[in-house]
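>>> What shape does this take:
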Amino acid sequence: MSELLFEIFCEEIPARMQARAEADLARLLGERLKAAGLGWETLTTFAGPRRLGLAITGLPVKTEDVREERKGPRTDAPEKAVQGFLRGAGLDSLDACEKRDDKKGQFWVAVIEKPGRATVDVVAEAIPAVMKEFPWPKSMKFGEDEKLQRWVRPVHRLTCLFDGAVVPFEVFGIAASNITEGHRRHGPGPFEISDFAQYTKVLREDGHVVQQREEREAVILAGARKVCEDAGLELVEDAGLLHEVAGLAEWPVPLLGQMDPDFLDLPPEVITLTMKTHQKYFAVRKPGEAGLAAHFVVVANQAAPDGGKAIAAGNARVLSARLSDARHFWDNDRKQPLSGRVAELSKITFHDKLGSVAAKVERVAGLARDIAPIVGADPKLADRAARLAKADLVSEMVYEFPELQGAMGRYYALQQGEDAAVADAIKDHYKPQGPADSLPLAPVSAAVALADKLDTLAGFWAIDEKPTGSKDPFALRRAALGVIRIVLEGGFRFSTLKAIARQYQRVDNALTHADIQAKREAVMEAQATLGQPLVALRRTSNVNPLAEYKERIRVGTLSLFDFFADRLKVHLRDEGVRHDVIDAVFALGDDDLYRVTGRARALQAFLDTDEGAALLAGFNRAANILKAEEKKDGEAFKGAPTDAYLASPPEQPERELIAALAAARVSAGAALRSEDFTAAMAALALLRAPIDAFFETVTVNADEPVLRRNRLLLLSDIRTAIRAVADFNRIDG
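Numbering: from 1, shown residues only. Model prediction:
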C-alpha cells in the first residue's frame, strides 16, 4: 500500500476558513478517489496560514481490474437489435461476446474487461478538478490576464507525492513538485520532500512550522497559561479566540503584555471584546479576583531575539489606542440616560414588513406583562425591562461592538438607578445564544426573554418568513429552542398556544393596520389625482372579516405551535426520547411544554422496559382488532359492556382484566392529576399480564353476537385507559 501527500502553498488563508477548507478538501478528493474505486486506511488533513493539504495512507498503486457481463438479445434476433446491443456495450463485433443458454433459448452476453488504472493517473486528474471547484466562501483572482485564476489567495507552490515520486499535473499554471517552504523568517527553505513523515519533520525542525491546527492550539494554550502563571496571573480562556489565533501563526509564541491600568475602570466586557475583536489578544485576571488584570496575552508568529519584549510593547501601544476609543464611547453614552434613547428605536428597522424596533418593543412589553405572573415576576418590572431592553442598540458602544448589546444596556440601566432585576433582564433577554450559553431564569429576565423570542417567531410566521431546509436567516430555530430550554429549566407552566395566539394577534393587528393605512393613502392620492370619489376600499365580497381574521390567527398559531413541537423533538432526541413518543403525547392536546416533556420522558422510560414493550404490543393488538371491526360498523362498538357481562363474564381472564382496568383507571387517573407520570406508567404496567392472559385464552370474535360485542367493548376500554396517558397509536412498533 502507498502514501499520497498533497500540499497547496499560498498566501495567507483567513483563519475562519481553514477548518472548513480541510473538511472540503478531504470530502472532494475522497469522493473522486472512491468513484475511481480507490480505498485507503487513513486520511489526515492539515491547514495553516499559508498551507492546506492532506496525507492519505494505504492507497493501492492501481485500481482493480473490472470484468462486466451484459446480457444481450437472443442469438436469432434481428441484426438491428444485435447492432444496437453492441453499440451499447461499446463493442465492435460479436467476437467479444459469448453464447449462453436459458429456458427461453440462446442469447448473447457481452464480456467487457476494463484494466485497472494507475492511482497516480487518478490523482493527477482529480486534484486539478478539486481545486477548480473548491467552495471557498470568498476567493480572489490572481495571475496574468490571459491566465486569470481564482483561489482564496494567490497560490505559489503545489507539492504532491505518491510513493515518493512527484505526481505530474498542473493547476493555475503551477506544476506539482516535491518542494515546499517553511516559516518566512525562521526557515523559508525551500525544502525537498520525500514523504509525509519527512515533510512533517522538516517543517517543524528546519521550517519552524507547526503543521497541524490542533497542535498549534495546544501550543498556544499551554504557552499562554505558562506566561500567566509565571507572572502570578490566570488566563481568561476563550475557545473561539484560540481557534482563530491558531490560524494566524505558523510558529506560535505566546507573550505577556502589560496594558495601562487606567483603562480597568471600563466594563470588563468592553476590554475583553476590544482585545479579542480588534487585536486577537487574550484577557488576563488575578486568580480568585473579580475583574481583569492590567495584562494581556498576544500570540506572536515568531521567536523574537529579545524574547518578545518589543512585540509586547508595540501591541500594548496599539491596545491603548483602541481602549481610548472605547473610553470615548463609554463616556459619551453615559451622558444620556438609557430611557432617553428609547424614542430613537423608531428610526431602526427591525424588518421591512414588521416595522421598527420600537414597534417590536411595544409588542414585547405587552407579552412580558402577560407572562410575568406565570414566571413569578412583577408585571411592572417586566414591562419596564422590555421597554429598555433594546435601547442600547442606539448607543455608540454597541454601534462599535454589536456583541455588547444587552451587556451595555445593563450598565447604563444601573447607572440611571433602575432596579437590578430590570438591568439583569436587559442583559440576559437575548440568551441563550447557543447550546452552551446560560439561561435567563430570574423571573423578570425569563419574562422578557420569553416574550422577545415569542414575538420574533410570531412576527416572522405572520409574514411567512419561516425556516426552509437548512436555511434559517433569522435564527428562528434557535429562538424556539431558547423558549423550550427556558421553560423546561425554569419549570414554567403556561399554555404555549395561548401565548403564541396572543402575540400572533398583536403582530397581525399591526400588519393589518399598516396595510389598511397604506390602502387609504393610495385611495386619497388617487382621489386627488382623478378628482372624483373612488370605491377602492368598498368591500364587495361576502367574506366575514371577523371570521377571516380568526381563521388567519388560528392557522398561524397552529403552524407555529407545530414548529415548537418539532424543536422539542430535536431537543429531547439527545436524551433518547423518540419523535413518535413526543407525537403520542402531543396528540392528547396538551400545550404545556413542561408537562408534555415530563410525560414524554416518563413514557420513553416506560417503553424501554419489558412491561412497556409488552403493553404496547397488547394495545396494538386491541387497536387493530377494533379498527377492523369499526370499519364494518363503527356505531356498534360505542358505549360500555352490559351490566350482566360486567357482573359475571364467562371466563376468568376477562374478570381479571375488567378488575385490572378499573384499578388502573383510578390509580393512573390520580397520578395524572398530580402529574406523576412515572406513577401513571407504573399503573398501566399492571395491565400487561391481564391483557396477555386475555388474548391467550379468550376468543374475541365469538359466535354469540352479544358476547362478541361485549368483548370488543372491553378492548375499547383497554384502548381508552391507555390513551389517557398517551396516544399509543402514534408510537412505532
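
>>> tell me the contacts of the closest residue to Glu11 other than its chain neighbours?
Take Glu11 and drop its neighbours on the chain: the residue closest to it by C-beta to C-beta, 6 or more residues apart in numbering is Arg153, 3.9 Å away. Yep, even glycine has a C-beta here, placed from its N, CA and C like the rest. With contact set as C-beta atoms under 8 Å, 6 or more residues apart in numbering, Arg153 has these partners: Cys10, Glu11, Glu12, Ile13, Met140, Phe142.

>>> Is Arg153 part of a helix or strand, or is it coil?
When the structure is split into helix, strand and coil by DSSP: H, G, I helix; E, B strand; the rest coil, Arg153 lands in coil.

>>> From Arg51, how far out is it?
Distance, Arg153 to Arg51, using C-beta to C-beta, to the nearest Å: 11 Å.

>>> residues bridging contact with these two, i.e. touching both?
Common contacts of Arg153 and Arg51 (C-beta under 8 Å, 6+ apart): Cys10.

>>> For Glu64, give me phi and psi.
When read as degrees, to the nearest 10, the backbone of Glu64 gives phi -70, psi 150.

>>> repeat for Ile56
Note on Ile56: its backbone torsions stand at phi -120, psi 130 [degrees, to the nearest 10].

>>> OK, contacts around it?
Residues near Ile56 by C-beta under 8 Å, 6+ apart: Glu3, Leu4, Leu33, Trp40, Thr42, Leu43, Thr44.

>>> what pairs with it across the strands?
Judged by DSSP bridges, the bridge partners of Ile56 are Leu4, Leu43.

>>> Any chance of CSV for the contacts of Ile56, columns distance to Pro254 and neighbour count?
Converted to CSV, these look like this (distance: C-beta to C-beta, whole Å; neighbours: other C-beta atoms under 10 Å):
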residue, distance to Pro254, neighbour count
Glu3, 34, 19
Leu4, 35, 25
Leu33, 39, 21
Trp40, 37, 17
Thr42, 31, 9
Leu43, 31, 17
Thr44, 26, 16
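
>>> Identify the residues contacting the residue lying closest to Leu264 once chain neighbours are set aside.
Closest residue to Leu264 apart from its sequence neighbours, by C-beta to C-beta, 6+ apart: Ala294 at 6.0 Å. Shown in contact with Ala294 (C-beta under 8 Å, 6+ apart): Gln258, Met259, Asp260, Pro261, Phe263, Leu264.

>>> How much space separates Gly598 from Ala47?
Where Ala47 is concerned, Gly598 sits at a distance of 46 Å (C-beta to C-beta).

>>> What of Gln503?
When distances are taken as C-beta to C-beta, Gln503 and Ala47 turn out to be 45 Å apart.

>>> cool, Glu11 as well?
To Ala47, Glu11 is 14 Å away according to C-beta to C-beta.

>>> for Gly391, what are its contacts?
Actually, residue 391 is Ala rather than Gly. With contacts defined as C-beta under 8 Å, 6+ apart, the neighbours of Ala391 are Leu338, Ser339, Arg341, Val342, Leu345, Gly409, Tyr412.

>>> need the residues you listed in TSV with neighbour count, secondary structure and distance to Pro190, can you?
Putting those into TSV (neighbours: other C-beta atoms under 10 Å; DSSP: H, G, I helix; E, B strand; the rest coil; distance: C-beta to C-beta, whole Å) gives the following:
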residue	neighbour count	secondary structure	distance to Pro190
Leu338	26	helix	60
Ser339	15	helix	65
Arg341	19	helix	59
Val342	18	helix	63
Leu345	20	helix	59
Gly409	29	helix	55
Tyr412	25	helix	57
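
>>> Closest to Glu465 out of those residues?
Proximity of these to Glu465, judged by C-beta to C-beta, is greatest for Leu345, which lies at 21.1 Å.
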